[in-house]
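Engineer: fold the following and give me the result.
(chains A and B)
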Amino acid sequence: GESVGLHLPTLSVQEGDNSIINCAYSNSASDYFIWYKQESGKGPQFIIDIRSNMDKRQGQRVTVLLNKTVKHLSLQIAATQPGDSAVYFCAENGGTSYGKLTFGQGTILTVHP
Amino acid sequence: SAVISQKPSRDICQRGTSLTIQCQVDSQVTMMFWYRQQPGQSLTLIATANQGSEATYESGFVIDKFPISRPNLTFSTLTVSNMSPEDSSIYLCSISGREDTQYFGPGTRLTVL
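Structural biologist: Sure thing, here's the model as predicted:
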């Protein structure tokens, strides 16, 4: 697969640990946020989303936290597994309603057995 | 959820040539988008492919370099024209889903020599 490690922040964890991936966004007009997972050689895969009228949303093993005051988004992965190793991107809609998304820089998560 | 396919999955091209990338969806969708992901980078929106009208391009992208077609609600093409090595990237199509969510195809990995 292609190299994706040259410019992105990295997070290394042990299998079974909890992971927290952070994202700062800049557009205060954004009211919808998405986390994507991109495995090597694949397109981004939707994980979880949150609207600005919420500050927390939970899925299966994942939780997204939104702090609008400091424009910060985080993704928590519980009991991280080797299959969670990937690049994780946050995306924001800039307050638009026609689907345009702006992506964050991404974080490489590596899970060690 | 809709199945999105892209052709080709990868290609190696000579500078000065053009490549057309196809995006096919197995159901009708309102909006389709094209993104570029340069090596080790995040995703950048190139344009929104509008059915029956000209695509809407983002700042820094022009129709002469990246002509886009959207003949119907299930299909779109992106052409990378007069390629140079700087065009080496992953090109991704996405579709609008529920609310403002976008779902991505597997990507086309382009290398320009």
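
Engineer: now for the residue nearest the centre of chain B: which residues touch it?
Structural biologist: Against the mean C-alpha coordinate of chain B, by C-alpha atoms, centre = their mean, the closest residue is B:Trp34 at 3.5 Å. By C-beta atoms under 8 Å, 6 or more residues apart in numbering or on different chains, B:Trp34 lies in contact with B:23, B:45-47, B:49, B:66, B:68, B:76, B:78, B:91-94. C-beta here means a position set from N, CA and C on the backbone, and glycine is covered the same way.

Engineer: with A:Thr80 instead?
Structural biologist: A:Val13, A:Gln14, A:Glu15, A:Gly16, A:Asp17, A:Asn18, A:Ser19, A:Leu109, A:Val111.

Engineer: kindly recompute the last result at 7 Å.
Structural biologist: By C-beta atoms under 7 Å, 6 or more residues apart in numbering or on different chains, the residues touching A:Thr80 are A:Val13, A:Glu15, A:Gly16, A:Asp17, A:Asn18, A:Ser19, A:Val111.

Engineer: so what's the fourth one up against?
Structural biologist: I take that to be A:Asp17. When contacts are counted by C-beta under 7 Å, 6+ apart, A:Asp17 touches A:Thr80.

Engineer: pretty sure A:Leu11 belongs to a strand, no?
Structural biologist: Yes. Under DSSP: H, G, I helix; E, B strand; the rest coil, A:Leu11 falls within a strand.

Engineer: that one touches A:Thr107, doesn't it?
Structural biologist: Yes. Using C-beta atoms under 7 Å, A:Leu11 is in contact with A:Thr107, at 5.8 Å.

Engineer: among the contacts of A:Thr80, name the buried ones.
Structural biologist: Listed as buried from those are A:Val13, A:Ser19, A:Val111; burial here means 16 or more other C-beta atoms under 10 Å in any protein chain shown.
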